[in-house]
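Undergrad: Mind folding the following:
(chains A and B)
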Amino acid sequence: MEINKVCKDGTCRIELSGRLDTITSPQLEEELQQIPEDVKELVLDLKDLEYVSSAGLRVFLNAQKMMNDKGTMVLCNVNDEIMEVLDMTGFTQILTIE
Amino acid sequence: MVQRTKDSILKRIEEEFVRTTDTLWENEIQANLFVARVLLGTALIDLVFIVLATSDVLLVDKESTMSVLYQALVELIVPALICLKLKGERKWLKIVMLIEYTIVLARVESVLMHNVVLLIVFPVVLSIRYYSRPVTSFTAILTILLSGFADYAGVVWKMGRLNLNMVELPIGTVLHFNDTTSLRDVIMSQASIDYQQVWLHTLQHYYMPKLILFAMISTICTEIAKRGRLAIFAQQEETAQSERIKTELNIASDIQANMLPNIFPAFPERNDFDIYATMNPAREVGGDFYDFFMVDDDHLAMVIADVSGKGTPAALFMVISKTLIKDHAQLGLSPGDVFTRVNRKLCDGNESGYFVTAWMGILDVRNGELTYVNAGHNPPVMKLDGETKFLQCRPQFVLAGFENFQYREEKITLHEGDRIFLYTDGATEAFNAKGELYGENRLIECLKQQSGKPIDEVLNNVKADIYDFAKGTQQSDDLTLLAFDYKRGGVMEREFEANDSRLHEVLAFLEEELEKHDAGMKETMALTLAMEEAFVNVAHYAYEGRPEPGKAWVCLSFDNDEVTITLKDKGMPFDPLAMEDPNINASAEERGIGGLGIYMIKKSTDSVDYKRIGDMNILTMKKVIRNAG
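TA: Residues are numbered from 1 along each chain as shown, chains lettered A, B, ... in the order given. This is a model prediction of the structure:
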């Protein structure tokens, strides 16, 4: 799991690659907690993300709840496999996916 | 207890009474309908006579006879129709019809020629059909009274049915007749003939013997009616008895079926083998049996046997044999020793000459070593390294034959995918309508065709094939089949510490095996997901609050295109499937995170099953890992 985070002008872009599972999701959670307070837009780029389990979904959900208060959150470059998991769990309805 | 017995006896008596009464009533209805039909038949004959008489084919005294014949027509048809209308379901019908019939015939007799005197027997003979002595006696007495009266009336009154043969007439007596004069008038006008003597003698010598003969016939009829009733009772008794026997046999059949392990899958907690069996007795109970059981954690015993003969005696012998074999095997004896000892016990006191053919194998499921012994049974069919063939068995004498026979065992090693198929001669010796045997070749061929299928399907297909072959004939012998599938090599089991930190090892193990078995990308991903959720669940909750770390066991078994993942732990009982599915339509704010993992397990596998066996939670997930084709 690799996390690449770039924050500027109130926008944060986080690129994820590898697997987001029970073991790796706390890393992402930590990264998200560290984004600046004034961020209005959060972009999660999942281009190289291969796998996500319920632990990862939980992080997405928490991030969405956090961003609901102050701006928007977008998931982009979601591949088919990840999309299927999001679909299966109803997450496509509560996350914004580009 | 006493009260209950008493109640049950009373109840039985009551039932018996009701049943007997029912049967008699049923018979009476049938008899009523029969009598009604006879009455209508008689009416038809009556009609023929009327036609014949009016067309002068039959010579009768028209004045007296025709009115009697017309009256008879009405008196026969009316009660018969009433009876048919009521479907014979009235008690009084028999009396009405018999009285009516007797009256009609007596009246006919009073006017007809003497050569039809046989008429008066009809009602009595007919009354036998009621199988009732009172009814027949009543009809007989009524006939004697009415017919006696009819005779008297016929003789004394106007009709003058006198018989001149019964009196001595002076030689040279000449009697003058014409169509309008009756015999009575002629005789009365003849001074030389004593009229009183003529009618007295006619009654005395002509009609009285007839009535005496009739009385004798009636006595016989009464006796027959009585016997008929007794026969109904006897039949009743017999039916009740055979019903009782049938009930008992059905219970025995259930007991026998339940003696054999018959819940499948028989060992749901084991992934290293699969076993399936069926028994179909030719009658309610049979002499065949199969059996299988774990001798200890690593040894599985399989038995198939066939007691000589069929039905209840064979079933009793089967019970003894099965019990003895299992008892001895569970002592940990080798198959040869088991048979040697069981044989000795079966011989002891076996006066009836029954014997058992049997095959038993004990498999060490860890290494596939199968030790088997054959006592005169059909050799099993084996699928060894993909080849289906008969297992070479040392032929040895049947059980319960020679007391001191030493049974010797043989050994073979099974490998992954090997199968054992046990059967009784009900399979190979099934006949078809042409008298041909199903035979060993057909059996082998059928099994070869089925070799890739799950064993329960194999057994059912073999059975269907045999029944299909023997279609149109009665199943002549018990049919018992057992199939065993050895999956050892196809089963991977690993032990892991139940901790999140082990997750990647668990997933690596799964993915490696899935790759070996050519699982598709999508399927691998879905199963990885399910595995993670299930394992994490165990790691987080199963051993919560315990000081030392717990263990989890992951077991993978592959069966053709399907993988079965079994996850076991010895933590607190927890059925994840009992949890409610999360509401996946809720908004982000409302959504909790509970239950999501389990929901994902359900969604990414074909089936999930949870069992608590002993101190173990067993979660079984199945999924087809390749696209069809």
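Undergrad: From here on, just use CA atoms for contacts and neighbour counts.
TA: Will do.
Undergrad: For the stretch 401-550 of chain B, which residues are neighbours of chain A?
TA: B:500-501, B:503, B:522, B:525, B:529, B:532-533, B:536 (C-alpha under 8 Å from any C-alpha of the partner chain).
Undergrad: farthest pair in the residues you listed?
TA: B:S501 and B:K522 (25.1 Å; C-alpha to C-alpha).
Undergrad: the more surrounded of those two?
TA: B:K522 (16 against 13; other C-alpha atoms under 10 Å in any protein chain shown).
Undergrad: which non-adjacent residue is nearest that one?
TA: A:E81 (7.3 Å; C-alpha to C-alpha, 6 or more residues apart in numbering or on different chains).
Undergrad: now swap in B:W553 and tell me
TA: Nearest non-adjacent residue to B:W553 (C-alpha to C-alpha, 6+ apart): B:E495, at 4.5 Å.
Undergrad: So for B:M360, what's the pLDDT?
TA: Looking at B:M360, its pLDDT is 97.
Undergrad: Verify the assumption that it is located in a helix.
TA: No: counting by DSSP: H, G, I helix; E, B strand; the rest coil, B:M360 falls outside a helix, being strand.
Undergrad: Does it touch B:F292 like I think?
TA: No: contact criterion C-alpha atoms under 8 Å: B:M360 and B:F292 do not qualify, at 9.4 Å.
Undergrad: Check the stretch 101-250 of chain B for the residue nearest chain A and tell me.
TA: B:N250 (51.9 Å; C-alpha to the nearest C-alpha).
Undergrad: Could you give the number of residues near that residue?
TA: B:N250, neighbours per other C-alpha under 10 Å, totals 14.
Undergrad: residues touching it, list them.
TA: Going by C-alpha atoms under 8 Å, 6 or more residues apart in numbering or on different chains, B:N250 touches B:E284.
Undergrad: Spell out which parts of chain B neighbour chain A.
TA: Checking chain B against chain A by C-alpha under 8 Å from any C-alpha, the hits are B:500-501, B:503, B:522, B:525, B:529, B:532-533, B:536, B:584-585, B:587-589, B:593, B:596-597, B:599-600, B:603.
Undergrad: So which of those sit within helices?
TA: B:503, B:522, B:525, B:529, B:532-533, B:536, B:596-597, B:599-600, B:603 (DSSP state H).
Undergrad: could I have the lengthiest strand in chain A exported to CSV, CA atoms only?
TA: Counting by DSSP state E, the longest strand found in chain A is strand A:41-52. Only the C-alpha atoms of strand A:41-52 are listed here, as CSV (Å, rounded to 0.1, in the frame of the first residue of the first chain):
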residue,chain,number,x,y,z
GLU,A,41,-12.0,19.4,-1.8
LEU,A,42,-10.7,15.9,-1.3
VAL,A,43,-9.8,13.8,-4.3
LEU,A,44,-9.0,10.1,-3.8
ASP,A,45,-7.3,8.8,-6.9
LEU,A,46,-7.7,5.0,-6.9
LYS,A,47,-6.0,4.4,-10.3
ASP,A,48,-3.5,1.9,-8.9
LEU,A,49,-5.6,0.5,-6.1
GLU,A,50,-6.1,-3.2,-6.6
TYR,A,51,-8.2,-4.2,-3.7
VAL,A,52,-10.4,-2.8,-1.0
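Undergrad: avg pLDDT for it?
TA: Mean predicted lDDT for strand A:41-52 stands at 91.
Undergrad: Next: stretch A:21-29.
TA: Per-residue scores along stretch A:21-29 average to 91.
Undergrad: same deal with stretch B:170-186?
TA: 72.
Undergrad: Quote the end-to-end distance of it.
TA: 15 Å (C-alpha to C-alpha, to the nearest Å).
Undergrad: Confirm that B:D306 sits in a strand.
TA: Yes: applying three-state DSSP, one finds B:D306 inside a strand.
Undergrad: For chain B, give me its nearest residue in chain A.
TA: For chain A, C-alpha to the nearest C-alpha, closest residue to chain B: A:G90, 4.7 Å.
Undergrad: And for that residue, nearest residue in space, chain neighbours not counted?
TA: In space, A:G90 is closest to B:I584, 4.7 Å off (C-alpha to C-alpha, 6+ apart).
Undergrad: That neighbour and A:T72, how far apart?
TA: 21 Å.
Undergrad: Chain B contacts on chain A?
TA: Close to chain B, as judged by C-alpha under 8 Å from any C-alpha, chain A has residues A:22-23, A:51-54, A:58, A:61, A:64-65, A:81, A:88-91, A:93-95.
Undergrad: residues contacting the closest residue to chain A within chain B?
TA: In chain B, the residue that lies nearest chain A is B:I584 (4.7 Å; C-alpha to the nearest C-alpha). The neighbours of B:I584, taking C-alpha under 8 Å, 6+ apart as the test, are A:89-91, B:591.
Undergrad: and the least confident of these?
TA: B:R591 (74).
Undergrad: Which secondary structure state is assigned to that one?
TA: coil.
Undergrad: Identify the residues contacting it.
TA: B:583-584.
Undergrad: how about 10 Å then?
TA: A:58, A:61-62, A:65, A:91, A:94, B:582-585 (C-alpha atoms under 10 Å, 6 or more residues apart in numbering or on different chains).
Undergrad: Kindly check the end-to-end length of stretch B:305-313 for me.
TA: 15 Å.
Undergrad: And the average pLDDT for that stretch is what?
TA: 87.
Undergrad: again, but for stretch B:568-576
TA: For stretch B:568-576, mean pLDDT is 89.
Undergrad: in it, what's buried?
TA: B:568-571, B:573-574, B:576 (16 or more other C-alpha atoms under 10 Å in any protein chain shown).
Undergrad: do the same with stretch A:18-32
TA: Here stretch A:18-32 shows A:18-25, A:28-29, A:32 as buried, counting by 16+ other C-alpha under 10 Å.
Undergrad: in the longest helix belonging to chain A, what counts as buried?
TA: Looking across chain A with DSSP H, the single longest helix is helix A:54-68. The neighbour-count criterion (16+ other C-alpha under 10 Å) identifies A:54-67 as the buried residues of helix A:54-68.
Undergrad: okay, the angle between that helix and helix B:596-604?
TA: 120 degrees (axes from the mean of the first three to the mean of the last three C-alpha atoms, to 10 degrees).
Undergrad: what helices or strands is helix A:54-68 leaning on?
TA: Counting contacts by 3 or more C-alpha pairs under 10 Å, 6 or more residues apart in numbering or on different chains; DSSP states H and E, helix A:54-68 packs against strand A:11-20, helix A:25-33, strand A:41-52, strand A:72-76, helix A:80-88, helix B:521-537, helix B:596-604.
Undergrad: switch the cut-off to 7 Å
TA: Judged by 3 or more C-alpha pairs under 7 Å, 6 or more residues apart in numbering or on different chains; DSSP states H and E, helix A:54-68 is in contact with helix A:25-33.
Undergrad: for the helix it packs on, the distance to its chain's centre please.
TA: Put simply, helix A:25-33 sits 10 Å off its chain's centre (C-alpha atoms, centre = their mean, to the nearest Å).
Undergrad: And for that helix, what's in contact with it?
TA: Under the contact criterion C-alpha atoms under 7 Å, 6 or more residues apart in numbering or on different chains, helix A:25-33 has outside partners A:55-56, A:59.
Undergrad: cool, and stretch B:607-624?
TA: Contacts of stretch B:607-624 (C-alpha under 7 Å, 6+ apart): B:561-571, B:573-575, B:577, B:602, B:605-606.
Undergrad: mind listing the helices for the stretch 51-200 of chain B?
TA: B:62-85, B:93-111, B:121-127, B:133-156, B:183-188, B:195-201 (DSSP state H, counting those that start in this stretch).
Undergrad: Take the ones you listed and write them to JSON lines, including mean neighbour count and distance to B:R394.
TA: Below are the helices of the stretch 51-200 of chain B laid out as JSON lines (neighbours: other C-alpha atoms under 10 Å in any protein chain shown; distance: least, C-alpha to C-alpha, whole Å):
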{"stretch": "helix B:62-85", "mean neighbour count": "18", "distance to B:R394": "75"}
{"stretch": "helix B:93-111", "mean neighbour count": "23", "distance to B:R394": "76"}
{"stretch": "helix B:121-127", "mean neighbour count": "22", "distance to B:R394": "74"}
{"stretch": "helix B:133-156", "mean neighbour count": "20", "distance to B:R394": "72"}
{"stretch": "helix B:183-188", "mean neighbour count": "17", "distance to B:R394": "105"}
{"stretch": "helix B:195-201", "mean neighbour count": "18", "distance to B:R394": "100"}
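Undergrad: Kind regards, and thank you for your time.
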